[in-house]
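J.: Predicted model, plus sequence, below.
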Number of protein chains: 2
Amino acid sequence: MATIKDVAKRAGVSFKTVSRVLNDDTAVRHETRAKVIEAIEALDYRPNIMARSLRSQRTHTIGFISDLIASTPYASRIIQGAQERAWENDYLLLLINTGGNQAMKQTAVDTLLDRQVDGIIYATMYHREVHPPENIREVPTMLIDCFMADNSLPSVVPNEEEGGYNATLHLLQKGHRRIGYICDNSGVVATFGRLAGYQKALADYGIPFDPDLTCFLGSSISRNGFLGAKTLMQLENPPTALFCFNDRMAMGAYDAMRSLNLTIPDDVAIVGFDNQDLVAADLNPGLTTMALPHYEMGSWGVDHLISLINKAQDNLDISEQHVHKLLTCSLIERASA
Amino acid sequence: MATIKDVAKRAGVSFKTVSRVLNDDTAVRHETRAKVIEAIEALDYRPNIMARSLRSQRTHTIGFISDLIASTPYASRIIQGAQERAWENDYLLLLINTGGNQAMKQTAVDTLLDRQVDGIIYATMYHREVHPPENIREVPTMLIDCFMADNSLPSVVPNEEEGGYNATLHLLQKGHRRIGYICDNSGVVATFGRLAGYQKALADYGIPFDPDLTCFLGSSISRNGFLGAKTLMQLENPPTALFCFNDRMAMGAYDAMRSLNLTIPDDVAIVGFDNQDLVAADLNPGLTTMALPHYEMGSWGVDHLISLINKAQDNLDISEQHVHKLLTCSLIERASA
DNA sequence: ATCCAAATTGACAACGTTGTCAATGTGCAA
DNA sequence: TTGCACATTGACAACGTTGTCAATTTGGAT
């Protein structure tokens, strides 16, 4: 592999001049620059990033810590969004998956600090509160799809309440007035946020909240969606529409409707949440659902992180940046509502 | 951040001695080592990886190039498998997603070479032939879930034929003798491999291959599964079991059975392919399906890559290692067969 | 031709580590 | 006590780049 000195020798200049050309320093005569560029191309020279960052103290690398990369498939879009935005800014992602193990999180942060990353993304695969290792603060850090209770690290998460609001609003606008909400009771942030949005939308339409129309069941698997939907539809005065906590539960609700011989969307409208690629579109009829802004959280998070890195580089204080950004979920309209 | 010289000063030794301690060099007196270790801990010293690899020419980093990380969700398990095995061997993954763009692939390889990665993983999100940029050969490289026609780069892929064979075998063992095969005709490797396995299993049971029982339709979406299943079940002598190219098509087949008032698995058994997390388990009844060895390809690939890296380091010839490893798909038994 | 400021270029240190080799210390045999 | 082999330690170069600052060249005004 050719080095900067090889290029210098071939171009007949000092290696510092080559360095100037490489760094777009204007203080190089036009013809000198041409000679250098010729030599660079002739030797297929590429700067050694190790050596460069040893001196400049910037690695142009962002550490990406995730808990369970493969557990909720669509969430890999966070990584995609992060990687693409990083790439646009000449950064690369160094990936560590902790599998949710606490000791592993600490080691992950240590390892990334060892590698002199310029910043760290700490992402979870569903929206929740986290307690990252303290020394993560040694470099600019951004939480994605998670947050600290005291907001002492900047974070970006989906706007669950707005999502629940818009999902319900969609049903209200279609004329529905008795709308059920089927969710898990695992106590995750999303459950309550979406519930609050649901209640707010009803209130805005002057509809009193009827506790009988919401049901909380265990975890958000299709079986519980099935049970919940069945329960609600067998009420004396059943709802005409169902808002399901997520697409899996909606999938169960589809089964329930079939077992009750009810047609979607004619007898009952259904709205899900997550826009889980290979579920929502492939159900029959296609499921109308709210898409979580995974890709957007990834790219927004990296954008913000890079601005923090640049500020830190200029010795500006970044400790006061208690950003907690909420990103909008978008309605994907299909045939179920 | 403390450097090796700070540690040396505090321990009252030369920085070279500290270097020895860090590298487990035995040529250090016991008590000297103790002093050094005390100093390292007192200063919370961590070696600077940049400086280290500048000298040693090894970065302990593996570049991971993927085409469409988020398009087929379950495939993020390749990344997970790769990352975990890399981690166990003190390697980290530098991630680049090309989005299937050809120019981007070239830039990705260039960028990784610039970063002095010790090796490269080139992964695709479905099993197919690839033509990676030629200069990828400058470092040890491993293809995952893809291959070169001339096998001039080592690769690891799923054993599609064996998978098709075992899926069919499962149905045969359940007593089925008329088994349909529903697949896409997009011409991907998997289509033909699974078909070959299907035919081989039939042949092993002495059942002649009946072309009427296979149908090829467009892409592998649920709609086509629906159409295919309906067509096959309306034959004069319909099959008693269906082998579906993937879980999405199986999902469509479920719909077809419902529309024909047929019960799964009593009237017809169904086996899918992919074990797509949030589909297969959540269907009703649960879908029996073949799981692709994504995680295993990731970890096997990294394992093999690291052995190549070590050989290259010792200047052993690795160009002759035309490995093309086939990994077994495993049957996930649920209720549909 | 001469001078001066600005433009251009180069010499050398520095980044934090490892590699090489020489210098010093140690313990045991003579 | 001396000598020698071996263990231990240190001085210094090297890795390939950027940063600092001084040296040299250039071009225009005199």
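T.: Here it is on my side, so go on.

J.: can I assume residue A:129 is in contact with residue A:147?
T.: Yes: checked against C-beta atoms under 8 Å, the pair residue A:129 and residue A:147 is within contact range at 6.2 Å. Where C-beta positions appear, they are placed from N, C-alpha and C, glycine not excepted.

J.: out of the two, which sits in the more crowded spot?
T.: The neighbour count for residue A:129 versus residue A:147, taken as other C-beta atoms under 10 Å in any protein chain shown, is higher for residue A:147 (22 against 13).

J.: Find the nearest non-adjacent residue to the more buried one, please.
T.: residue A:155 (4.0 Å; C-beta to C-beta, 6 or more residues apart in numbering or on different chains).

J.: State the mean pLDDT of stretch A:220-233.
T.: The pLDDT scores in stretch A:220-233 average 94.

J.: Name the residues that touch that stretch?
T.: A:180, A:182-184, A:186, A:213, A:215, A:217-218, A:238-239, A:242, A:244-246, A:248-253, A:255-257, A:259-260, A:262, A:268, B:281-284 (C-beta atoms under 8 Å, 6 or more residues apart in numbering or on different chains).

J.: just the residues you listed that are near DNA strand C?
T.: Contacts with DNA strand C within the contacts of stretch A:220-233, counted by C-beta under 7 Å from any atom of the strand: none were found.

J.: Quick check: beta-bridge partners of residue A:143?
T.: Bridge pairing for residue A:143 (DSSP bridges) gives the partners residue A:122, residue A:155.

J.: For it, give me its contacts.
T.: A:122-123, A:130, A:132, A:153-156, A:301.

J.: Look up how far DNA strand C lies from it.
T.: To DNA strand C, residue A:143 is 29 Å away according to C-beta to the nearest atom of the strand, to the nearest Å.

J.: Which helix in chain A has the most residues?
T.: The helix that spans the most residues within chain A, counting by DSSP state H, is helix A:294-313.

J.: How far does that one sit from its chain's centre?
T.: 12 Å (C-alpha atoms, centre = their mean, to the nearest Å).

J.: helices and strands around it, which ones?
T.: Judged by 3 or more C-beta pairs under 8 Å, 6 or more residues apart in numbering or on different chains; DSSP states H and E, the packing partners of helix A:294-313 are helix A:76-88, strand A:119-129, strand A:141-147, strand A:155-158, strand A:324-327.

J.: Mind doing that once more with 6 Å?
T.: helix A:76-88, strand A:119-129, strand A:141-147, strand A:155-158 (3 or more C-beta pairs under 6 Å, 6 or more residues apart in numbering or on different chains; DSSP states H and E).

J.: Restricted to strands, list the contacts of stretch A:220-233.
T.: With DSSP state E as the criterion, strands contain A:180, A:182-183, A:215, A:242, A:244 from among the contacts of stretch A:220-233.

J.: Turn those into TSV, including pLDDT and neighbour count.
T.: Converted to TSV, the ones in strands among the contacts of stretch A:220-233 look like this (pLDDT from 0 to 100; neighbours: other C-beta atoms under 10 Å in any protein chain shown):
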residue	pLDDT	neighbour count
A:180	97	28
A:182	96	31
A:183	92	27
A:215	93	17
A:242	97	31
A:244	97	30
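
J.: Give me the buried positions along the longest helix of chain A.
T.: Using 16 or more other C-beta atoms under 10 Å in any protein chain shown as the test for burial, helix A:294-313 gives A:294-306, A:308-309, A:312.

J.: So it, near DNA strand D or not?
T.: No: Helix A:294-313 lies out of reach of DNA strand D by C-beta under 7 Å from any atom of the strand, never closer than 10.9 Å.

J.: Kindly export that helix (C-alpha atoms) in CSV.
T.: The C-alpha trace of helix A:294-313 is given here as CSV (Å, rounded to 0.1, in the frame of the first residue of the first chain):
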residue,chain,number,x,y,z
HIS,A,294,-38.1,3.9,12.9
TYR,A,295,-36.1,5.0,9.9
GLU,A,296,-36.7,8.6,10.8
MET,A,297,-35.6,8.1,14.4
GLY,A,298,-32.4,6.6,13.1
SER,A,299,-31.6,9.4,10.8
TRP,A,300,-32.8,12.2,13.1
GLY,A,301,-30.7,10.7,15.9
VAL,A,302,-27.6,10.6,13.9
ASP,A,303,-28.1,14.1,12.6
HIS,A,304,-28.5,15.4,16.0
LEU,A,305,-25.5,13.3,17.3
ILE,A,306,-23.3,14.7,14.6
SER,A,307,-24.2,18.3,15.5
LEU,A,308,-23.4,17.4,19.1
ILE,A,309,-20.0,16.0,18.0
ASN,A,310,-19.2,19.1,16.1
LYS,A,311,-20.1,21.3,19.1
ALA,A,312,-18.1,19.2,21.4
GLN,A,313,-15.2,19.5,19.0
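
J.: Touching that helix from outside, list them.
T.: Helix A:294-313 is contacted from outside by A:75, A:77-78, A:81-82, A:85-86, A:89, A:118-119, A:121, A:140, A:142, A:144-145, A:156, A:318, A:327, using C-beta atoms under 6 Å, 6 or more residues apart in numbering or on different chains.

J.: Please, a ChimeraX command that selects the buried ones among those residues?
T.: Buried members of the contacts of helix A:294-313 can be picked out in ChimeraX with the line below, counting by 16+ other C-beta under 10 Å:
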select /A:75,77,78,81,82,85,86,118,119,121,140,142,144,145,156,327
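
J.: Separate out the buried members of the contacts of residue A:143.
T.: A:122-123, A:130, A:132, A:153-156, A:301.

J.: related to what we said a few turns ago, could you pull up the mean pLDDT of the longest helix of chain A?
T.: The pLDDT scores in helix A:294-313 average 93.

J.: and it with helix A:76-88, angle?
T.: On the basis of axes from the mean of the first three to the mean of the last three C-alpha atoms, to 10 degrees, helix A:294-313 is oriented at 40 degrees to helix A:76-88.

J.: okay, the angle between helix A:294-313 and strand A:119-129?
T.: Using the same axes, to 10 degrees, helix A:294-313 lies at 130 degrees relative to strand A:119-129.

J.: Touching, residue A:329 and residue A:163? I think so.
T.: Yes: contact criterion C-beta atoms under 6 Å: residue A:329 and residue A:163 qualify, at 3.6 Å.

J.: any shared contact partners between these two?
T.: By C-beta under 6 Å, 6+ apart, residue A:329 and residue A:163 have these common neighbours: residue A:290.

J.: related to what we said a few turns ago, buried by neighbour count, from the contacts of stretch A:220-233: which ones?
T.: By 16+ other C-beta under 10 Å, the contacts of stretch A:220-233 give A:180, A:182-184, A:213, A:215, A:217, A:238-239, A:242, A:244-246, A:248-253, A:255-257, A:268, B:281-284 as buried.
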